[in-house]
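Visitor: no FASTA, just this:
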């Protein structure tokens, strides 16, 4: 297309800025950038390829669009206005890539640019003079520091444009749009002479043959570049599904700042909820500070919002249509409260960003809470079972949307009288929800084989999960607990093993068992630091109630605690843990 054709399409309500991505919707170019862009245009330089989305009815009504910014004001930093006009058209064009360039061209040729005057401290309208784009026809085409030819484009006020002398003659760039055909340059030039007949210096310059030829050439080229030449090269997209559009957009922009699908979907919320970004970001910051810290993000909140408002949880654009965003905005306080209460439960159970392998796991609990489910000692036990089983069985690996959908269906049913979804039971039952059919034959139920695998876990996040389930009475929300080697890790070096008279052929087995679950316990951080490398038998002598400590930590009271008997200690404790896990998890 020509630049003029694009300008006409914008003016005729045929071309818009889709409300994705939101980070491109705000106009950010400085006037110097726009001036340089027009310098490139006049010199015939390429100005990049654009991504145009040709969208038809009825799909037009599914999305939010913005008009191009026509009058930029630094003080007010206007955003583009939402527009109802697309509903009047059978087809429109959405500019997906190249929004800043095209917005700059439109503003320069049809709008105004207001920035604060230097050395002014006020905030009055007069401190922000209205400027439009001009070119100085008498400016010598010169070499800049990069040895490139430059034309003298500048944003100036109407008052400044009147100032003329032997080196200055301003011409409004947008005038060329009025020339509907290849202009009769001689006639245009005669008009310039007539307009400046009272200024002897300018008239003298305009009568110089070399100046005359240069100005005529500039005007002819300016008209040609803007009106005649097809400088707007674009890639045409006729795909109507915005999810596929986003894939193309991400691919096209992969050389610069890579935008995730979440970034782009998040912008659809912001487009329909003015304070949405601030509200969500503040909320994320608040829940991430709880306990030992979490790492919740936009993806988690957006998915939670869909689940908690009974919208489709499939993570695509159609899920964030206007009516759904209105639901989210309306229920936002309830959504925040439910998620926050769920995160408090995580803290109570000893979970943090280090052990919460999947953020999706808490969304069904938040759904249960937002629907008015009871949270008491019994339901909290079942909620904990659900959380830990889900994490240990990794049920939210792939197909997370389907898992959430199935779990929601297990928790709720439609009330035919109100068309609202209500809980099937106000008491959370792990036994019932564990019967939910999940994709790829996943299951929340723990088998003996699973428990055998759990007992092989070494010190780390998953071992902490198992231990925190084995120690249900610890006050995780009040005290920081560490994973502690019962028999200190420092005892397992070859040198220490020799000192303790451990046969050489047993060294490797001792060292392989050292970090596994049967040699791990949870201990208060300060106590763990004091225990440090002290041999377990010696450390236990200083405990006020030795038998209670052993019982609480799944150690037989009659078990030998000598380091030389570590293998026997390991096997016996492993059996106790296995029995405990079978009782707790099955």
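Guide: Done, it's in. These numbers were taken from a predicted model, which means no experiment stands behind them.

Visitor: all contacts plus neighbour counts: C-alpha atoms, from now on.
Guide: Noted.

Visitor: what ranges do the helices span in the stretch 451-586 of the chain?
Guide: Secondary structure of the stretch 451-586 of the chain (DSSP state H, counting those that start in this stretch): helices located at 461-470, 494-499, 507-513, 525-531, 536-540, 546-552, 566-585.

Visitor: now the longest one: mean pLDDT?
Guide: Yep, that's helix 566-585 we're talking about. In this model, helix 566-585 carries a mean pLDDT of 94.

Visitor: do the third one as well
Guide: When the per-residue pLDDT values of helix 507-513 are averaged, the result is 95.

Visitor: check which residues of it are buried.
Guide: Going by neighbour count (16 or more other CA atoms under 10 Å), the buried part of helix 507-513 is 510, 511, 513.

Visitor: pull the residues that contact that helix.
Guide: By CA atoms under 8 Å, 6 or more residues apart in numbering, the residues outside helix 507-513 that reach it are 492, 493, 494, 497, 519, 566, 567, 570.

Visitor: who wins on neighbours among those residues?
Guide: Within those, neighbour counts (other CA atoms under 10 Å) peak at residue 519, which reaches 23 neighbours.

Visitor: ok, now which ones touch it?
Guide: 485, 486, 487, 513, 570.

Visitor: next one: the fourth one relative to residue 457, how far apart?
Guide: Plainly put, residue 513 is 10 Å away from residue 457 if you go by CA to CA, to the nearest Å.

Visitor: returning to what we had before: now, which of the buried residues of helix 507-513 sits nearest residue 362?
Guide: Nearest to residue 362 among the buried residues of helix 507-513, counting by CA to CA, is residue 513 at 33.3 Å.

Visitor: tell me, how many residues neighbour the residue nearest to residue 153 when sequence neighbours are not counted?
Guide: Using CA to CA, 6 or more residues apart in numbering and skipping the chain neighbours, the partner closest in space to residue 153 is residue 135 (4.4 Å). Using other CA under 10 Å, residue 135 is surrounded by 24 other residues.

Visitor: do I have it right that residue 135 meets residue 171?
Guide: Yes - Residue 135 is in contact with residue 171 according to CA atoms under 8 Å; the separation is 5.3 Å.

Visitor: least confident secondary structure element in the chain?
Guide: When the helices and strands of the chain are scored by mean pLDDT, DSSP states H and E, helix 22-25 comes last with a mean of 46.

Visitor: all helices of the stretch 1-150 of the chain, in order?
Guide: Assigned by DSSP H, counting those that start in this stretch, the helices in the stretch 1-150 of the chain fall at 3-11, 22-25, 31-43, 99-110.

Visitor: please work out which of the ones you listed is packed deepest.
Guide: Ranked by mean neighbour count, the helices of the stretch 1-150 of the chain are led by helix 99-110 with a mean of 21 (mean count of other CA atoms under 10 Å).

Visitor: which parts of the stretch 101-250 of the chain are strands?
Guide: Here the stretch 101-250 of the chain has its strands, by DSSP state E, counting those that start in this stretch, at 112-114, 130-136, 142-143, 149-150, 153-156, 170-172, 234-237.

Visitor: nearest residue to residue 578 in space, please, no chain neighbours.
Guide: Ranked by CA to CA, 6+ apart and with sequence neighbours excluded, the top spatial neighbour of residue 578 is residue 451, at 6.8 Å.

Visitor: residues in contact with the one you found?
Guide: Applying CA under 8 Å, 6+ apart, we find residue 451 in contact with 578, 581, 582.

Visitor: for it, give its distance to residue 438.
Guide: 20 Å.

Visitor: for residue 581, same thing?
Guide: Distance, residue 581 to residue 438, using CA to CA: 23 Å.

Visitor: then residue 453?
Guide: Per CA to CA, residue 453 is found 21 Å from residue 438.

Visitor: what is the helix or strand harbouring residue 282 packed up against?
Guide: Assigned by DSSP states H and E, residue 282 belongs to helix 276-288. Where contact means 3 or more CA pairs under 8 Å, 6 or more residues apart in numbering; DSSP states H and E, helix 276-288 is packed against helix 261-272, helix 298-308, helix 332-348.

Visitor: picking that back up, would you format the helices of the stretch 1-150 of the chain as JSON lines with distance to residue 297 included?
Guide: Formatted as JSON lines, these follow (distance: least, CA to CA, whole Å):
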{"stretch": "helix 3-11", "distance to residue 297": "37"}
{"stretch": "helix 22-25", "distance to residue 297": "17"}
{"stretch": "helix 31-43", "distance to residue 297": "34"}
{"stretch": "helix 99-110", "distance to residue 297": "27"}
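
Visitor: which one of those helices lies nearest to residue 471?
Guide: Closest of the helices of the stretch 1-150 of the chain to residue 471 is helix 22-25, at 46.7 Å (criterion: CA to CA).

Visitor: quick one: contacts for residue 134?
Guide: Listed by CA under 8 Å, 6+ apart, the contact set of residue 134 reads 153, 154, 155, 156, 161, 170, 171, 172, 173.

Visitor: can you name the residues bridging to the closest residue to the fourth one other than its chain neighbours?
Guide: Same thing as residue 156. Spatial nearest neighbour of residue 156, excluding adjacent residues (CA to CA, 6+ apart): residue 131 at 4.7 Å. Residue 131 has the following beta-bridge partners by DSSP bridges: residue 113.

Visitor: correct me if wrong: residue 131 contacts residue 110.
Guide: No - Residue 131 sits out of contact with residue 110 when judged by CA under 8 Å, with a separation of 11.5 Å.

Visitor: worst average pLDDT in the helices of the stretch 1-150 of the chain?
Guide: Here the lowest mean pLDDT among the helices of the stretch 1-150 of the chain goes to helix 22-25, at a mean of 46.

Visitor: about what we covered before: mean confidence score for the helix holding residue 282?
Guide: For helix 276-288, the mean per-residue pLDDT is 90.

Visitor: let's have the chain start at 7 instead
Guide: OK, 7 is where the count begins now, so the last one is helix 282-294.

Visitor: now residue 415: which helix or strand?
Guide: helix 406-417.

Visitor: residues near residue 142, how many?
Guide: Residues within reach of residue 142, counting by other CA under 10 Å, total 20.

Visitor: tell me who's in contact with it.
Guide: Contact analysis of residue 142 by CA under 8 Å, 6+ apart lists 157, 158, 159, 160, 174, 175, 176, 177.

Visitor: please repeat the previous calculation with a cut-off of 10 Å.
Guide: For residue 142, the contacting residues are 157-160, 167, 170, 173-179, 221, by CA atoms under 10 Å, 6 or more residues apart in numbering.

Visitor: now it: how far from residue 370?
Guide: Distance, residue 142 to residue 370, using CA to CA: 66 Å.

Visitor: swap in residue 115?
Guide: Residue 115 is 53 Å from residue 370, by CA to CA.

Visitor: same question for residue 360.
Guide: Applying CA to CA, the value for residue 360 to residue 370 is 20 Å.

Visitor: residue 578 too?
Guide: The gap separating residue 578 from residue 370 is 38 Å, by CA to CA.
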